[in-house]
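Undergrad: Prediction below, plus the sequence it came from.
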Amino acid sequence: MKKRLALPLLLVLALFSNAVFAKDHFKIAWSIYVGWMPWDYAANAGIVKKWAKKYGIDIDVVQINDYIESINQYTAGKFDGCAMTNMDALTIPAAGNVDSTALIVGDFSNGNDGIVLKGKKELKDIKGQKVNLVELSVSHYLLARGLESIGMSEKDVTTVNTSDADIVGVYGSDSVTAVVTWNPLLGTILKTPNSYEVFNSSQIPGEIIDLMVVNTKTLKENPKLGKALTGAWYEIMKKMQGDSAKAKEIRTAMGKDSGTDLAGFDAQLKTTAMFYKPADAVKFTDSPKLKQTMQYVAEFSFKHGLLGTGAPDAKFIGVETPSGVYGDPKNIKLRFDPTYMKMAAEGKL
């Protein structure tokens, strides 16, 4: 009798186990940046809701005013996914022992991040100055790479940690003479008289990458989330391109919600290498250059103690890419997985 009951009981337990792991309501966080404004429009226009409904789930897309805070909340488990850069994905959730997957590689900054000086026109003039930026973020990384390009180092400046929510206001002070930030904040700051951009991300192309990152465990247990988010993303990518009235209407809405107009938003897009087509995002992700970039990022992060107090070297955290793993393959906490982007490219969503 026991033998006859054993198999059905196991099946019931297995089904119950899957039911526990699967869920149907998810929360995604984003903050204002040209490369992430499509999430705002996709949510407001019902595109996210449409794709979520297709897969029988609900997705809340929530704006967080402070970028770093959005990642902290994701890392703490308050969100299932969050828009962030490759570096911040490594140094916050991955370093915090949260296994995360870069579901969508949206673009890379190609001039959207920059170093600005007051009254000085060359990067070398930054020597000895206090530099306001979001410390230990991509702005800090850009500063380090910029200084390195002219034979200087961070020892030549003093960084002042400043929230992205405050940096425009702070720049208005006479005592602040150097900042590093991103659009749309960068564009606003550059409108200030006597302000000069002396270095930007187009000089390190492909290194500051904008992603939609999701919890790996959640994605594995709920592939419908990956399909819905990816489907919604590429629908809006398709609709926002070009000179049609509808495309301009969409970009105008994105511009307005980010504090600018159509011309301002289009100007930001020009300094953003957007992957409008999923096949292009897959090609970028598959390239061996991505692994090299993550090595640069990991080395910078280790130097600044961003990989955790127990990290013995830059390879402490494993970063999985299609071309191989950088770091410890036994401690993979960040994964660049093009699976869902490939599905979008092949029309399988």
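TA: Noted; the coordinates are in hand. What you see is a predicted model, and the numbers here were worked out from it, not measured in a lab.
Undergrad: Beta-bridge partners for the spatially most central residue of the chain, please?
TA: The chain has residue 84 as the residue nearest its centroid, 2.3 Å off, counting by CA atoms, centre = their mean. Beta bridges link residue 84 to residue 211 when assigned by DSSP bridges.
Undergrad: Quick one: the strands in the stretch 1-150 of the chain, in order.
TA: Under the criterion DSSP state E, counting those that start in this stretch, the stretch 1-150 of the chain carries strands at the ranges 25-30, 58-63, 81-85, 100-109, 113-118, 130-133.
Undergrad: Around the residue nearest to residue 50 when sequence neighbours are not counted, how many other residues sit close by?
TA: Excluding the flanking residues, the one nearest residue 50 by CB to CB, 6 or more residues apart in numbering is residue 232, at 7.4 Å. Where you see a C-beta, it was placed from the backbone N, CA and C, and this is true even at glycine. Neighbours of residue 232 under the rule other CB atoms under 10 Å: 27.
Undergrad: Where does residue 232 fall, secondary structure wise?
TA: helix 223-240 (DSSP states H and E).
Undergrad: For the very next helix or strand once past that helix, could you pull out the residues that count as buried?
TA: Downstream of helix 223-240, the next assigned helix or strand under DSSP H and E is helix 245-257. By neighbour count, with 16 or more other CB atoms under 10 Å as the criterion, the buried positions of helix 245-257 are 250-255.
Undergrad: Please produce a markdown table containing those residues, extended by pLDDT and distance to residue 38.
TA: As requested, the buried residues of helix 245-257 are exported to a markdown table (pLDDT from 0 to 100; distance: CB to CB, whole Å):
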| residue | pLDDT | distance to residue 38 |
| --- | --- | --- |
| 250 | 98 | 9 |
| 251 | 98 | 10 |
| 252 | 98 | 13 |
| 253 | 98 | 10 |
| 254 | 97 | 7 |
| 255 | 96 | 12 |
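Undergrad: of those residues, closest to residue 314?
TA: residue 254 (36.7 Å; CB to CB).
Undergrad: Give me the nearest residue to that closest one, chain neighbours excluded.
TA: Per CB to CB, 6+ apart, closest to residue 254 is residue 37, 4.0 Å.
Undergrad: re the thing from before, confirm for me that the residue nearest to residue 50 is in contact with residue 51.
TA: Yes: using CB atoms under 8 Å, residue 232 is in contact with residue 51, at 4.2 Å.
Undergrad: Which stretch among the strands of the stretch 1-150 of the chain is buried most, on average?
TA: strand 81-85 (a mean of 29; mean count of other CB atoms under 10 Å).
Undergrad: So which other helices or strands are in contact with it?
TA: On a contact count with 3 or more CB pairs under 8 Å, 6 or more residues apart in numbering; DSSP states H and E, strand 81-85 meets strand 25-30, helix 67-75, strand 209-215.
Undergrad: now the helix holding residue 232: mean pLDDT?
TA: Here helix 223-240 scores 98 as its mean pLDDT.
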